[in-house]
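1. Sequence and computational prediction follow.
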Amino acid sequence: MTRSISGAGGGRRARPTAHELARYEALFAARTRGMKSSAMREMMALTERPDVISLAGGLPDTSTFAPELFAKLMAQVAAEQTARALQYGPTEGMAAAVDCIVEVMAAEGTLVDPDEVIVTTGGQQVIDLVCKTLIDPGDVIVAEAPTYPGAVPTFSAYQAEVEQIEMDADGMPIDELEGMLDRLQAQGRRPKFIYTIPNFQNPGGVTMSLARRRRLVEVAHERELLSLEDNPYGLLRYEGEPLPTLYSLDAEVGGTRAAADLVIYLGTFSKILSPGLRLGWAVAPRPVLEKLNLGKQGSDLCSSSVTQLFVAEYFKEHEGRGEPRWLGYLEQLKELYRRRRDVMLAALDEHFGEHARWTKPQGGLFVWATLDERIDTTDLLAQARESEGVAFVPGRAAYMDGQRGSSSMRLNFAGVSDDDIREGIRRIGRVVHEQLGLYGTLSGSSPAAKPQAEPVAEPTDDEPEQAPGLADVVELPRRDREDAARRQKDR
Ligand SMILES: Cc1ncc(COP(=O)(O)O)c(C=O)c1O
């Protein structure tokens with residue numbers, strides 16, 4: 001009989017005790033200090049309760065993909081390409097998958113040279129490889145505030161010093177960036193790269209304006225700085241005109257039209273097809289690409305051949321009228337997510353009203369809401385989950401210091417049904433009102449105080465609270481839970 005590591009009961013795996021950890025403490029690398037768990041992680045574990053409505057995940061709705069099509073494509077790969085699918089592939093990725101990537105980028109108006117593409121194990125691996133390639137402990141990264149919560153533990157693990165620039169409705173203000181760069185320069189410091197999510201930012205929901213994109217590329221050229229353009233959501237636009245990628249703007253500056261000098265582009269199939277495939281990519285200047293490739297060899301040798309061939313088969317599919325099927329599916333997703341976004345915005349109007357303000361994203365998966373400054377959303381989450389069975393990502397997860405963003409929250413509208421969105425927002429609204437009522441009672445002030453003008457408080461010199469772990473903020477399923485569900489079904 002095989003011994004189950006997770007225990008026969010299918011319950012959650014116990015975390016090591018302080019005593020157990022102490023035994024290994026001296027062996028751990030210094031960087032692991034940035035990887036410690038947090039109180040929030042414990043709270044996030046409650047999401048496993050089936051009665052919890054979670055607006056916390058970064059999930060697309062994979063139930064929309066036709067099961068027959070999935071089965072057909074997998075069967076084709078299995079029957080026609082057995083040996084290739086079961087074999088290692090090139091580190092830089094299979095040519096058939098790269099062709100699909102070039103097609104996706106062309107759909108966003110960005111021409112790329114297939115030789116400058118590397119296939120990765122999700123977009124997340126690009127962030128990791130870029131840090132592995134560029135960051136020594138203490139090196140500076142400039143990022144938006146708030147930033148992608150899943151990048152926070154990666155930056156911490158590489159011991160980067162991250163300077164975050166508060167965004168407004170047009171994304172990162174480039175004059176602020178220039179001011180920051182001047183200050184750093186005065187200290188003899190030069191950032192290794194500028195990290196930006198220009199489209200429907202995760203978690204902020206805002207989009208960088210065209211003027212700022214152009215200026216960012218100019219500034220990068222004036223100062224010879226690399227940017228990491230993280231763009232999982234560009235094709236998920238529900239209204240407004242698409243904007244050019246930084247990569248394509250940089251290529252124009254360079255004059256070659258097909259290759260950027262100073263932008264590393266991150267793309268992924270996760271949001272336009274499936275995160276379960278674990279396929280993303282980077283497009284980068286050749287010297288950087290070479291190092292990313294070496295870094296990837298050390299990480300996982302290559303990404304899954306099975307899923308690369310699956311994607312290649314999928315991209316061969318066409319609808320009756322000849323339109324590529326992946327574009328048809330993208331339209332279907334856009335329609336669904338647009339509607340869910342509108343449901344969420346209406347629910348926020350109804351249940352948050354004057355106690356909050358929130359972004360109105362033109363695409364992507366997230367709304368960023370900022371509440372009355374007296375509310376700490378990390379505490380609110382604990383209460384929302386315990387008493388109302390609803391979850392969201394507290395704003396602190398999007399700040400390196402784990403302090404700022406304390407009155408904000410990220411809300412996912414894409415992976416949740418209309419009813420759950422309405423009900424989830426109603427429940428959060430109820431806890432917010434309760435807390436404000438309590439503050440009003442304690443202080444004698446009105447409970448109807450406005451949200452703070454700026455969503456952030458200045459960081460303090462106190463020991464920073466641990467940022468949540470990656471698995472928390474992207475809310476991955478736990479192995480024990482999956483096993484338990486499968487065992488239940490197999491019975
Ligand atoms: C901004 C951003 N970058 C990277 C990723 C990682 O995506 P992937 O599933 O391709 O690893 C995500 C996922 O939510 C994201 O939102």
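-> Received, thanks.
2. any weak-confidence spans in this structure?
-> For the chain, applying pLDDT under 70 flags the ranges 1-13, 34-49, 254-258, 441-491.
3. Now name the helix or strand holding Thr378.
-> Assigned by DSSP states H and E, Thr378 falls within helix 377-383.
4. Then Leu294?
-> Assigned by DSSP H and E, Leu294 falls in helix 286-300.
5. Now that helix: buried residues?
-> By neighbour count on 16 or more other Cβ atoms under 10 Å, the buried set for helix 286-300 is 288-289, 292-293, 295-296. Where you see a C-beta, it was placed from the backbone N, CA and C, and this is true even at glycine.
6. which of these sit farthest apart?
-> Val288 and Lys296 (12.4 Å; Cβ to Cβ).
7. mind checking how far the closest residue to the ligand within the chain is from Tyr337?
-> Nearest residue of the chain to the ligand: Gly122, at 2.7 Å (Cβ to the nearest ligand atom). Gly122 sits 20 Å away from Tyr337, going by Cβ to Cβ, to the nearest Å.
8. Please identify which of the two sits among more neighbours.
-> Using other Cβ atoms under 10 Å as the criterion, Gly122 and Tyr337 rank with Tyr337 on top: 24 against 21.
9. pretty sure that one is in contact with Asn412, am I right?
-> No - with contact defined as Cβ atoms under 8 Å, Tyr337 does not reach Asn412; the gap is 10.2 Å.
10. what residues are shared contacts of those two?
-> Leu365 (Cβ atoms under 8 Å, 6 or more residues apart in numbering).
11. Can you spell out which helices and strands pack onto the helix or strand where Val432 lies?
-> Element membership of Val432 [criterion: DSSP H and E] is helix 418-443. If you count contacts as 3 or more Cβ pairs under 8 Å, 6 or more residues apart in numbering; DSSP states H and E, helix 418-443 packs onto strand 53-54, helix 325-351, helix 377-383, strand 390-391.
12. now do 10 Å
-> Judged by 3 or more Cβ pairs under 10 Å, 6 or more residues apart in numbering; DSSP states H and E, helix 418-443 is in contact with strand 53-54, helix 325-351, strand 356-358, strand 366-371, helix 377-383, strand 390-391, strand 408-412.
13. Identify whichever of the ones you listed lies nearest to Arg23.
-> helix 377-383 (30.5 Å).
14. Dump the closest one to PDB, keeping only the CA atoms.
-> Extracted in PDB, the C-alpha atoms of helix 377-383 (Å, rounded to 0.1, in the frame of the first residue of the first chain):
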ATOM      1  CA  THR A 377      -9.000  45.200   5.200                       C
ATOM      2  CA  THR A 378      -6.700  42.500   6.700                       C
ATOM      3  CA  ASP A 379      -8.900  42.600   9.900                       C
ATOM      4  CA  LEU A 380     -12.000  43.000   7.800                       C
ATOM      5  CA  LEU A 381     -11.100  39.800   5.800                       C
ATOM      6  CA  ALA A 382     -10.900  37.800   9.000                       C
ATOM      7  CA  GLN A 383     -14.400  39.000  10.000                       C
END
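15. That helix - contacts with which helices or strands?
-> For helix 377-383, the packing partners by 3+ Cβ pairs under 10 Å, 6+ apart are helix 39-44, strand 366-371, strand 393-394, strand 408-412, helix 418-443.
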